[in-house]
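# give me coordinates for this.
(4 chains)
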Number of protein chains: 2
Amino acid sequence: MAESTTHVALAVVLRVQAGRPQVLLWQRGRAPHAGAWSLPGGTLDSEETLEDSIRRHLAAKVDVRELSHLEQLETRSDPSRVPGERQLATAYLGLVPEDADPSIPADTEWHLVDELPPMAFDHGEIALAARERLRAKLSYTNVGFALAKDAFTISELREVYSAALGYDVSATNLQRVLLRRGVLEPTGGRRESGPAGGRPPALFRFRSRKLEVTDPFAVLSPPRRSRA
Amino acid sequence: MAESTTHVALAVVLRVQAGRPQVLLWQRGRAPHAGAWSLPGGTLDSEETLEDSIRRHLAAKVDVRELSHLEQLETRSDPSRVPGERQLATAYLGLVPEDADPSIPADTEWHLVDELPPMAFDHGEIALAARERLRAKLSYTNVGFALAKDAFTISELREVYSAALGYDVSATNLQRVLLRRGVLEPTGGRRESGPAGGRPPALFRFRSRKLEVTDPFAVLSPPRRSRA
DNA sequence: GCAAAAGTGTTGTGTCTACACCCATGT
DNA sequence: ACATGGGTGTAGACACAACACTTTTGC
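Numbers count the residues shown, from 1 in each chain, chains lettered A, B, ... in the order given. Here you go, the predicted model:
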């Protein structure tokens, strides 16, 4: 009875497109939950780390070079999460920039995070948890770099942030907050005005493209002298 | 060659005692790393969740009723993290209140987090990561409840926070921040003055003893009207 | 000139730190 | 009285939201 345990790595791959957050889902062909949508991933090999594993499995779905950020979320272990089998799953959050449009296989599709289709197992919960994690990190880290293009206008960045956060963000304040923190820097370039005219926007980039915590002390900060 | 993978649950059990943060460590009897200290835990059974597993293993070390908080940290999967065996480890953060002094077995001891003894495998890293997680959560959640007694004076709470954060916190401001957020409430009671006199301190308690996020919007908060 | 879009100046607010001061007790 | 520790009052710093206003383009 006590069959062997399997361990899979899953990824919630998110991107913002047309002002709405999307997740990459894969449609199951086989039972259980045939036809339902699931997170991409697969079983862990004996000689790889979980991160290598999820990268390997994703390589079949998305061009891995497009993955601008990857971090571990949580490991699910409920014995009944997958019927008829003992399966542990370690979930990852993967991010893809707005402008990358990786070719994806036929059994795979981008879905709006706000309108998830029927999901297999606990994958719906995992996707929502990933979204929450992203939301939180947008506030106190520079993760934005992973969703935005290399160079962008503040308006474009505003759209990305608004979509990911789920509420409107003012371009004015977004610019000031991120510049003050040293998260953004001007590239020096400008974009041309659109057909309707308007002042040509300046281009910005993220100063770093690695995850950094930019707002470390929400409160209860250490005494001022030791701070700077 | 490809022997079976094992999966263990480990816990970084932290408490604050005498103004210093401590971890519960277990001294290994067997090779590898005989004599080195390791995090308590053990192998995952086929019919239990990881959380049940770590609770079960901890029950042998600490009275589980003393565990005021438990949350999953991360799963380590480097194939070489444990020599001669493929072992995955899911780490948990466990917290014990200041006043609980659970009896612990002979092969187990509390160690100062700042002065870890030689640690087995990657357990040293895990312990430090857990400490960081606690530090961060003290700022924007009510986790303090898990480190403090049921009722306490602000001075006592200040000691706990200072120890866990690693820097001085002013009692004045700690009180105001936590009261304003509705995290603390007065019990109504007072403590007697010490032998040196002084005004008798009021007693407080945490309003909730479940983890809650109390400072959700570090920045980039939603527009004001939707906030309240 | 006028509309459109970008960006700056400015004001107000909320939340925190720092520090002065007042309160209640023991000796 | 005075020392000791607890607690409040208040001022200043800071980071942010909100909104008015200026800038730069197309038509």
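# what's the helix of greatest length in chain A packed up against?
For chain A, the longest helix by residue count, based on DSSP state H, is helix A:123-140. Here helix A:123-140 touches strand A:6-17, strand A:20-27, strand A:69-76, strand A:87-95, helix A:154-165, going by 3 or more Cβ pairs under 8 Å, 6 or more residues apart in numbering or on different chains; DSSP states H and E. Glycine gets a C-beta too; all of them are placed from N, C-alpha and C.
# name the residues of it that are buried.
For helix A:123-140, the buried set under the neighbour-count rule, 16 or more other Cβ atoms under 10 Å in any protein chain shown, comprises A:123-124, A:126-127, A:129-131, A:133-140.
# do the same with stretch A:169-185
Of the residues in stretch A:169-185, those buried (16+ other Cβ under 10 Å) are A:169, A:171, A:174, A:175, A:177, A:178, A:183, A:184.
# please apply the same query to stretch A:160-170.
Buried residues in stretch A:160-170 (16+ other Cβ under 10 Å): A:160, A:161, A:162, A:163, A:164, A:165, A:169.
# does the fourth one touch residue A:14 like I think?
No. In this structure residue A:163 lies outside contact range of residue A:14 using Cβ atoms under 8 Å: 10.2 Å.
# ramachandran angles for the closest residue to DNA strand D within chain A?
Residue nearest to DNA strand D within chain A (Cβ to the nearest atom of the strand): residue A:197, separated by 2.6 Å. Dihedral angles of residue A:197 (phi, psi; degrees, to the nearest 10) stand at phi 90, psi -160.
# for it, give its distance to residue B:53.
Separation of residue A:197 from residue B:53 (Cβ to Cβ, to the nearest Å): 64 Å.
# equivalent analysis for residue A:55, please.
Distance from residue A:55 to residue B:53, by Cβ to Cβ: 28 Å.
# what residues does chain A have near DNA strand C?
Contact residues, chain A versus DNA strand C (Cβ under 7 Å from any atom of the strand): A:153-155, A:171-172, A:175, A:194, A:196-202, A:219-221, A:223-225.
# among these, name the ones in strands.
Filtering the residues of chain A next to DNA strand C for membership in strands, criterion DSSP state E, returns residue A:202.
# buried ones among the residues of chain A next to DNA strand C?
Buried subset of those (neighbour count, 16+ other Cβ under 10 Å): A:153, A:154, A:171, A:175, A:201, A:220.
# what is the most widely separated pair among the residues you listed?
A:201 and A:220 (38.4 Å; Cβ to Cβ).
# could you find the closest non-adjacent residue to residue A:116?
Among residues not flanking residue A:116 along the chain, residue A:124 sits closest, at 5.6 Å (Cβ to Cβ, 6 or more residues apart in numbering or on different chains).
# what is the residue nearest to the spatial centre of chain A paired to in the beta sheet?
By Cα atoms, centre = their mean, chain A has its centre lying nearest to residue A:95, at 3.3 Å. With DSSP bridges as the criterion, residue A:95 is bridged to residue A:14, residue A:69.
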